[in-house]
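> Coordinates only, no sequence provided:
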């Protein structure tokens, strides 16, 4: 599909640029939907969408991406008709735009993976985009304005249309004359737009031809319901002069502008341009809300797009430095007994501490580069939610908080599908039909809340709905029918364990499949994918009240702080993010609970897991016998709301490591998240704490259920 070599770096750059454009289209489309729901569609957003699609079409043509180009061509034509007023902007049009956006995502995936494109969906959508009728242009009300013909000559078709619409709506048209510093023109223009936006629409920017080597003067046409005096006051600190464009009175009268009274507008020849607003006035001009559409040589030079693989290699190099540093420290400890003068020892200690600080700064800097806000993912979820709500004819408000919370980019990418599935389930299975909500005395409009926040070294994501909730009796009934549990165990089963059954493969309370989320099957895949990221998922639900899923994830997978422990002379690494504390084990205080060892810690029962038994660890090739009098330690670990104690022989210490994925032969071994180089040519397995906690905390019910699926 590409005219260039698929291995060409230009193709990678194209796909990255295309993904950025599509993400921008998604943000604009969501804001357009919100503005339309509020009663007035923002024409600037329609124009931004048109420009984005136009850019994407050009890129697709340059790199021979025919399917992307075809969709962009038809979508551009549709948006052009909408922005020129030839086609209506309504819910049907928005549906087409949202479907086009989702198709963009699928096409980009097929282009990236060199897979088969969704040609049937593409043909259907392009036919719909082309098949909608257009309405005739409205009367040219802008011709009533007494504008110089030279101005009309440079106006684009879109700008003329916006003049017609605004004049037809009874708005006044003004000329704002302002001089900008060339060094800060983009920021200054955005500030001016931020001030003007609530009071009207900026139609166009026209250079006057005046200015010098360091500045440029513009005439800005603005439509507003405000008066010239009100706009003059609004821009009083910006060096802007305001004049109203008159309507034609007769062919013999041609005054282009109506000047404002001299007493109301003072044009100071020494006034500074907007790009150099004095400090005493800066507070009167708010910062721009969003400047993603503005690009300059200066802004481009301050932004570098880096492949995440390069960041991984850089992080590996930093990890090697940390290992070398640890080796140097151990070497120094070995030579210390042979006599090192105090001055040399002091200098070595000072250099070691400086190295530690710089190394930590490098690690933190790389991690910050990898972090992206969850808002990128939440925006796509909101688009999916909107489309699904129309497909199932359900009304709800999607409340998003914590979108600014940052997490590793790789985690965001892997989290997309699980959250998408959970969102569809919440709408299809959770939120009730409007008639049922009314009968139950609930608000006719449901609520789905998507929340994220940082908690220590973890990020917590909550997805909550006020829908029907999970019927635990129905879950038990299905589990019994399918032989997933023993009838004798039902009476002793906790509500928490019953809710946990929804994560078993194939269990669903839905009698009929749905096009939106099937039968609800797939929560086992959701849990598995989250576990692969080192995370855990928990569920709480009440019938008739709603359901809340809580996902807890590490902030990053790039580098982690671990506690090194020794078990049967083997070293393992436990992520410190999951460690609550470490205590000495008193064997005399160990007792049995449901066939599990436990101990009492501060008045509460703590289940124990002896790692040498759990992993069947051998010492020198044979199983060892350990005396109960031998001193051991308990590492208290947590995963979500659960905690257990891992019994180990020795606590070695803490260390920063870069976790590596296990090879194909070990990838499916439960209990290990990866491996890490520990220095001195040693490797250590990183324990998958959430999976061990989940396994140990499982009741007999869960173990029987899992045995049925083994």
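Sure, I can see it. Predicted model, so just to flag it, every value in this text is computed and none were measured.
> OK, contacts around the residue nearest to residue 559 when sequence neighbours are not counted?
Spatial nearest neighbour of residue 559, chain neighbours left out: residue 658 (5.3 Å); criterion: C-beta to C-beta, 6 or more residues apart in numbering. Glycine gets a C-beta too; all of them are placed from N, C-alpha and C. Neighbour list for residue 658: 315-316, 318-319, 558-559, 676-677 [criterion: C-beta atoms under 8 Å, 6 or more residues apart in numbering].
> among the residues you listed, which two are most distant?
Within the contacts of residue 658, 558 and 677 form the most distant pair, 14.5 Å apart (C-beta to C-beta).
> quick one, which of these two is more surrounded?
residue 558 (26 against 18; other C-beta atoms under 10 Å).
> so the residue nearest to the more buried one when sequence neighbours are not counted, which of the three states?
Distance criterion C-beta to C-beta, 6+ apart; nearest residue to residue 558, sequence neighbours excluded, is residue 315 at 5.1 Å. Assigned by DSSP: H, G, I helix; E, B strand; the rest coil, the conformation of residue 315 is helix.
> Can you tell me which of the contacts of residue 658 has the most neighbours?
residue 558 (26 neighbours).
> Model confidence for that one, exactly?
pLDDT, residue 558: 71.
> List phi and psi for it.
Backbone torsions for residue 558, taken as degrees, to the nearest 10, come to phi -70, psi -50.
> those helices in the stretch 601-710 of the chain, which residues are they?
611-614, 689-697, 700-708 (DSSP state H, counting those that start in this stretch).
> Any idea which of the ones you listed has the lowest pLDDT on average?
Among those, helix 700-708 scores lowest, at a mean of 45.
> For residue 480, grab the count of nearby residues.
Neighbours around residue 480, by other C-beta under 10 Å: 13.
> The closest residue to it other than its chain neighbours and residue 523, how far apart?
Among residues not flanking residue 480 along the chain, residue 487 sits closest, at 6.3 Å (C-beta to C-beta, 6+ apart). For residue 487, the distance to residue 523 equals 24 Å [C-beta to C-beta, to the nearest Å].
> again, but for residue 173
58 Å.
> How about residue 477?
18 Å.
> How about residue 385?
Counting by C-beta to C-beta, the gap from residue 385 to residue 523 is 18 Å.
> How about residue 415?
15 Å.
> next one: residue 646
Residue 646 is 28 Å from residue 523, by C-beta to C-beta.
> Which of these two has more residues huddled nearby?
Just comparing residue 646 and residue 523: by other C-beta under 10 Å the higher neighbour count belongs to residue 646, 27 against 22.
> residues contacting the residue lying closest to that one once chain neighbours are set aside?
The shortest distance from residue 646 to any non-neighbouring residue, by C-beta to C-beta, 6+ apart, is to residue 635 (4.5 Å). Residue 635 makes contacts with 563, 565, 574, 579, 581-582, 645-646, 648, 651, as judged by C-beta under 8 Å, 6+ apart.
> May I see the PyMOL selection of the buried members of these?
Of the contacts of residue 635, the buried ones can be selected in PyMOL as follows, counting by 16 or more other C-beta atoms under 10 Å:
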select buried, resi 563+565+574+579+582+645+646+648
